[in-house]
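1. below is the structure, and that's it, no one-letter string:
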């Protein structure tokens, strides 16, 4: 995949993955705001970005210090998930590439290399913004061949990262989905989703809407080092609580569970208990996976912050990107048991939750052997 595949060009109006009408490939997005130190229209770097459809911006504000935005007019916004994927959905919308959350483990880092961009610091600071995403999605949803399939968002990078506060792409995207009564789901670590609460409520009146918030742990020290650009875990759980108070059930993706740093039984208990207290409708644990692109960045971080764990990680992930099945099953079983204890899960959705005093996990000798993992509802 090359950068020019993102920019507007000839399209097939019969294909739902193409817009009904071609976007103007030369139209620069937005206008210069007061105090912007740099705006370059046209070619940011021919080797990286190719065509003349890119506007490169920096903003002279503290929240965007050191971050460069590459604004493009995309030629398609609906992405079909490869058939071999493990994902339970077929279509996604990703208005951004790169993510200011700067999670050291983010699996999407590899996608920056498709644009000849750095997968480490570049992924955190070089953000691609598809500024025509709302209008493009509205046209694509109107295509004759589009059948109203479920659309997942936040599955690559977070659509409610800090950039969304300036570009405001999601209100137009949600409005388009609402107006076409098209089912969708959103996964996010961003508290900015509450800005769009009214739109989400309107959409939920006409179609299926699934919201899930990602909270892998509640340890403040771990959060500050591995997810430095994200809202604190308790703020994310406030989102779960607020959505529930407004009639929008919200699940929690408990991810990632980080081996040797976030998988202690007491840590798992504290996290699940906090998730239950926030009123989550479900919890789905996922252990850390280290795909190429993310693996190198994470391991460099691990060597700098926890060098004594490097060899243990090399052994645990010796066979590939995923932790061994026995480890995944253990984490899933523990979280599942805690979820049942605290009253989370589809079987008890809507039931009153009474948070009982903490009690220690049973000793491994008192439990049954490893069982097949039970994946709780994600959306």
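-> Received the coordinates, thanks. What you see is a predicted model, and the numbers here were worked out from it, not measured in a lab. Residues are numbered from 1 along each chain as shown.
2. tell me the pLDDT of the nearest residue to residue 225 once chain neighbours are set aside.
-> Counting by CB to CB, 6 or more residues apart in numbering, residue 225 lies nearest to residue 305, which is 6.1 Å off, once chain neighbours are set aside. C-beta coordinates here come from the backbone N, C-alpha and C atoms, glycine included. At residue 305, the model reports a pLDDT of 97.
3. can you check the one 5 residues further on too?
-> Note on residue 310: pLDDT of 98.
4. same check on residue 299?
-> With respect to pLDDT, residue 299 has a value of 98.
5. change the start of the numbering to 450 and stick with it
-> Yes, from this point I'll number from 450; that puts the last item at residue 748.
6. confirm it sits in a helix?
-> Yes. With DSSP: H, G, I helix; E, B strand; the rest coil as the criterion, residue 748 is assigned to a helix.
7. in the stretch 650-799 of the chain, where is pLDDT below threshold?
-> For the stretch 650-799 of the chain, residues meeting the criterion pLDDT under 70 lie at 794-799.
8. let me see the ranges of the strands in it.
-> Shown for the stretch 650-799 of the chain, the strands assigned by DSSP state E, counting those that start in this stretch span residues 658-663, 699-706, 732-736.
9. out of those strands, nearest to residue 614?
-> The minimum distance between residue 614 and the strands of the stretch 650-799 of the chain falls on strand 658-663, with 17.5 Å, by CB to CB.
10. re the thing from before, what about the residue nearest to residue 674, distance to residue 620?
-> In this structure, residue 754 lies at 38 Å from residue 620, with CB to CB, to the nearest Å as the measure.
11. what is the end-to-end distance of stretch 673-681?
-> Separation of the first and last residues of stretch 673-681 by CA to CA, to the nearest Å is 8 Å.
12. kindly report the same for stretch 635-646.
-> Separation of the first and last residues of stretch 635-646 by CA to CA is 13 Å.
13. can you give the contact residues for that stretch?
-> Stretch 635-646 is contacted from outside by 550, 601-604, 607-611, 613-614, 619-620, 623, 649, 659-664, 676, 679-680, 684-685, 687-688, 691-692, 695, 697, 702, 827-828, using CB atoms under 8 Å, 6 or more residues apart in numbering.
14. which PyMOL command selects the buried ones in those?
-> PyMOL command restricting the contacts of stretch 635-646 to the buried ones, with burial defined by 16 or more other CB atoms under 10 Å:
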select buried, resi 550+601+602+603+604+607+608+609+610+611+613+619+623+649+659+660+661+662+663+664+676+679+680+685+687+688+691+692+697+702+827+828
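15. helices along the chain, start to end?
-> 495-498, 559-562, 570-574, 582-590, 612-616, 619-628, 646-653, 669-675, 682-694, 714-726, 743-754, 759-765, 774-790 (DSSP state H).
16. would you turn those into CSV with distance to residue 541?
-> As requested, the helices of the chain are arranged in CSV below (distance: least, CB to CB, whole Å):
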stretch, distance to residue 541
helix 495-498, 23
helix 559-562, 12
helix 570-574, 18
helix 582-590, 11
helix 612-616, 16
helix 619-628, 12
helix 646-653, 17
helix 669-675, 24
helix 682-694, 21
helix 714-726, 25
helix 743-754, 18
helix 759-765, 30
helix 774-790, 24
